[in-house]
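Visitor: give the three-dimensional model of this entry:
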Amino acid sequence: MNKTVTILGSAIPGENDAQYNFAYQLGSVLAQNGFNICSGGYGGIMEAVSKGAYNNAGFVYGVTIDLWDKEPNPYITVEIREDKLFERITKLIELGDAYIILQGGTGTFLEFAAVWEYANKNLQQPKPIICHSQMWKEIVDVMNKQMIVENRRTDLIQCFDTVEEIVEYLKLKL
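Guide: Here you go, the predicted model:
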(Lines give C-alpha, C1' and ligand atoms only; values in the text may rest on other atoms or scores of the structure.)
Protein backbone atom coordinates (compact mmCIF):
# COMPACT_ATOMS: atom_id res chain seq x y z
CA MET A 1 0.00 0.00 0.00
CA ASN A 2 1.25 3.49 -0.85
CA LYS A 3 2.29 5.85 1.92
CA THR A 4 0.01 8.84 2.50
CA VAL A 5 1.33 12.38 2.86
CA THR A 6 -0.93 14.86 4.65
CA ILE A 7 -0.48 18.35 3.24
CA LEU A 8 -1.65 21.35 5.22
CA GLY A 9 -2.06 24.85 3.83
CA SER A 10 -4.24 27.87 3.19
CA ALA A 11 -7.66 27.78 1.55
CA ILE A 12 -7.07 31.24 0.07
CA PRO A 13 -4.57 31.03 -2.87
CA GLY A 14 -6.02 30.83 -6.37
CA GLU A 15 -4.70 29.38 -9.61
CA ASN A 16 -2.52 32.41 -10.42
CA ASP A 17 -0.81 32.39 -7.02
CA ALA A 18 2.76 31.07 -6.57
CA GLN A 19 1.67 29.08 -3.49
CA TYR A 20 -1.09 27.38 -5.48
CA ASN A 21 1.34 26.52 -8.27
CA PHE A 22 3.90 25.14 -5.81
CA ALA A 23 1.20 22.95 -4.20
CA TYR A 24 0.03 21.73 -7.62
CA GLN A 25 3.59 20.78 -8.57
CA LEU A 26 4.09 19.09 -5.19
CA GLY A 27 0.92 17.02 -5.59
CA SER A 28 1.97 16.06 -9.11
CA VAL A 29 5.46 14.91 -8.16
CA LEU A 30 4.27 13.09 -5.05
CA ALA A 31 1.71 11.14 -7.11
CA GLN A 32 4.32 10.39 -9.78
CA ASN A 33 6.46 8.90 -7.01
CA GLY A 34 3.67 6.68 -5.70
CA PHE A 35 2.50 8.68 -2.68
CA ASN A 36 -1.16 9.13 -1.74
CA ILE A 37 -2.27 12.63 -0.81
CA CYS A 38 -4.42 13.78 2.10
CA SER A 39 -5.65 17.35 2.57
CA GLY A 40 -8.51 19.26 4.09
CA GLY A 41 -10.41 18.82 0.85
CA TYR A 42 -11.45 22.37 0.05
CA GLY A 43 -9.94 25.20 -2.04
CA GLY A 44 -6.62 26.97 -2.24
CA ILE A 45 -3.58 24.86 -1.44
CA MET A 46 -5.81 21.90 -0.59
CA GLU A 47 -7.32 22.03 -4.09
CA ALA A 48 -3.97 22.59 -5.80
CA VAL A 49 -2.21 19.62 -4.21
CA SER A 50 -5.24 17.42 -4.80
CA LYS A 51 -5.51 18.51 -8.43
CA GLY A 52 -1.80 17.87 -9.02
CA ALA A 53 -2.08 14.37 -7.62
CA TYR A 54 -5.43 13.63 -9.31
CA ASN A 55 -4.10 14.75 -12.72
CA ASN A 56 -1.23 12.29 -12.27
CA ALA A 57 -3.40 9.28 -11.35
CA GLY A 58 -2.78 9.77 -7.63
CA PHE A 59 -5.10 8.72 -4.81
CA VAL A 60 -6.45 11.70 -2.85
CA TYR A 61 -8.17 11.79 0.54
CA GLY A 62 -10.13 14.93 1.40
CA VAL A 63 -11.00 15.36 5.08
CA THR A 64 -13.90 17.77 5.19
CA ILE A 65 -16.07 19.06 7.99
CA ASP A 66 -19.82 19.44 8.48
CA LEU A 67 -19.23 22.72 10.33
CA TRP A 68 -18.68 24.61 7.06
CA ASP A 69 -21.32 24.68 4.36
CA LYS A 70 -18.81 24.24 1.53
CA GLU A 71 -18.43 21.78 -1.27
CA PRO A 72 -15.13 19.88 -1.41
CA ASN A 73 -12.88 20.35 -4.41
CA PRO A 74 -13.54 17.95 -7.33
CA TYR A 75 -10.08 16.29 -7.19
CA ILE A 76 -10.76 13.95 -4.28
CA THR A 77 -10.81 10.17 -4.59
CA VAL A 78 -12.31 9.59 -1.12
CA GLU A 79 -14.02 12.21 1.04
CA ILE A 80 -13.98 11.68 4.80
CA ARG A 81 -16.44 13.95 6.61
CA GLU A 82 -15.97 14.88 10.24
CA ASP A 83 -18.40 16.70 12.54
CA LYS A 84 -16.02 18.95 14.44
CA LEU A 85 -12.80 20.85 13.79
CA PHE A 86 -10.63 18.85 16.18
CA GLU A 87 -11.99 15.57 14.82
CA ARG A 88 -10.94 16.77 11.37
CA ILE A 89 -7.45 17.65 12.58
CA THR A 90 -7.16 14.27 14.31
CA LYS A 91 -8.16 12.47 11.09
CA LEU A 92 -5.64 14.50 9.03
CA ILE A 93 -2.95 13.43 11.50
CA GLU A 94 -4.08 9.78 11.62
CA LEU A 95 -4.09 9.38 7.83
CA GLY A 96 -0.61 10.82 7.34
CA ASP A 97 2.58 8.77 7.19
CA ALA A 98 4.29 12.15 6.77
CA TYR A 99 3.23 15.81 6.90
CA ILE A 100 4.01 18.78 4.70
CA ILE A 101 3.06 22.23 5.93
CA LEU A 102 2.73 24.84 3.20
CA GLN A 103 1.93 28.54 3.51
CA GLY A 104 -1.16 29.22 5.58
CA GLY A 105 -2.84 31.20 8.31
CA THR A 106 -4.18 30.38 11.74
CA GLY A 107 -5.95 27.19 10.64
CA THR A 108 -2.76 25.83 9.14
CA PHE A 109 -0.87 26.98 12.23
CA LEU A 110 -3.30 25.07 14.47
CA GLU A 111 -2.89 21.91 12.37
CA PHE A 112 0.90 22.30 12.33
CA ALA A 113 0.98 22.78 16.10
CA ALA A 114 -1.06 19.60 16.58
CA VAL A 115 1.27 17.60 14.30
CA TRP A 116 4.32 18.97 16.11
CA GLU A 117 2.83 18.23 19.54
CA TYR A 118 2.10 14.63 18.56
CA ALA A 119 5.77 14.27 17.63
CA ASN A 120 7.04 16.25 20.63
CA LYS A 121 5.09 14.13 23.13
CA ASN A 122 5.65 10.81 21.28
CA LEU A 123 1.91 10.32 20.84
CA GLN A 124 2.50 8.32 17.66
CA GLN A 125 5.30 6.58 15.81
CA PRO A 126 7.88 9.06 14.45
CA LYS A 127 6.82 10.50 11.10
CA PRO A 128 8.53 13.05 8.84
CA ILE A 129 7.33 16.64 9.26
CA ILE A 130 8.31 19.09 6.55
CA CYS A 131 7.76 22.83 6.28
CA HIS A 132 7.94 25.02 3.20
CA SER A 133 8.04 28.84 3.34
CA GLN A 134 10.12 31.43 5.08
CA MET A 135 7.32 32.04 7.58
CA TRP A 136 7.43 28.45 8.86
CA LYS A 137 11.24 28.47 8.96
CA GLU A 138 11.11 31.48 11.25
CA ILE A 139 8.45 29.92 13.47
CA VAL A 140 10.42 26.65 13.68
CA ASP A 141 13.56 28.59 14.63
CA VAL A 142 11.74 30.46 17.41
CA MET A 143 10.08 27.32 18.75
CA ASN A 144 13.31 25.33 18.62
CA LYS A 145 14.90 27.92 20.93
CA GLN A 146 12.17 27.11 23.43
CA MET A 147 12.67 23.38 22.83
CA ILE A 148 16.32 23.83 23.83
CA VAL A 149 15.25 25.57 27.05
CA GLU A 150 12.85 22.67 27.76
CA ASN A 151 15.54 20.12 26.89
CA ARG A 152 13.41 18.70 24.06
CA ARG A 153 14.28 17.56 20.55
CA THR A 154 14.93 20.21 17.93
CA ASP A 155 15.18 17.88 14.94
CA LEU A 156 11.49 17.05 14.55
CA ILE A 157 10.81 19.55 11.74
CA GLN A 158 12.71 19.77 8.47
CA CYS A 159 12.44 22.85 6.24
CA PHE A 160 12.95 22.68 2.48
CA ASP A 161 12.69 25.17 -0.38
CA THR A 162 11.91 22.98 -3.40
CA VAL A 163 9.54 20.22 -4.41
CA GLU A 164 12.53 18.06 -5.34
CA GLU A 165 14.09 18.39 -1.87
CA ILE A 166 10.78 17.52 -0.21
CA VAL A 167 10.14 14.45 -2.36
CA GLU A 168 13.71 13.15 -2.05
CA TYR A 169 13.53 13.48 1.73
CA LEU A 170 10.21 11.60 1.81
CA LYS A 171 11.57 8.85 -0.43
CA LEU A 172 14.51 8.48 1.95
CA LYS A 173 12.39 8.47 5.12
CA LEU A 174 9.39 6.43 3.93
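
Visitor: low-confidence ranges, this protein, go.
Guide: 1 (pLDDT under 70).

Visitor: helices of that one, start to end?
Guide: 18-32, 45-54, 85-95, 106-120, 134-149, 163-173 (DSSP state H).

Visitor: next up, the contacts around residue 29.
Guide: Residues in contact with residue 29 (C-beta atoms under 8 Å, 6 or more residues apart in numbering) are 52, 163, 164, 167. Backbone N, C-alpha and C define where each C-beta goes, glycine included.

Visitor: residue 27 is in contact with the last one, correct?
Guide: What that stands for is residue 167. No. If you go by C-beta atoms under 8 Å, residue 167 and residue 27 don't touch, sitting 10.9 Å apart.

Visitor: in terms of neighbours, single out the busier of those two.
Guide: residue 27 (31 against 20; other C-beta atoms under 10 Å).

Visitor: so what's the more buried one up against?
Guide: By C-beta under 8 Å, 6+ apart, the neighbours of residue 27 are 7, 37, 48, 49, 50, 51, 52, 53, 54, 56, 58.

Visitor: would you mind measuring from it to residue 139?
Guide: 23 Å (C-beta to C-beta, to the nearest Å).

Visitor: most remote residue from the chain's center?
Guide: Outermost residue of the chain with respect to the C-alpha centroid, by C-alpha atoms, centre = their mean, is residue 149; its distance is 27.6 Å.

Visitor: circling back to that earlier point, so which of the helices of the chain comes closest to residue 77?
Guide: For residue 77, the closest of those is helix 45-54, at 7.4 Å, according to C-beta to C-beta.

Visitor: now do the closest one: which elements does it pack against?
Guide: If you count contacts as 3 or more C-beta pairs under 8 Å, 6 or more residues apart in numbering; DSSP states H and E, helix 45-54 packs onto strand 4-8, helix 18-32, strand 36-39, strand 60-65.
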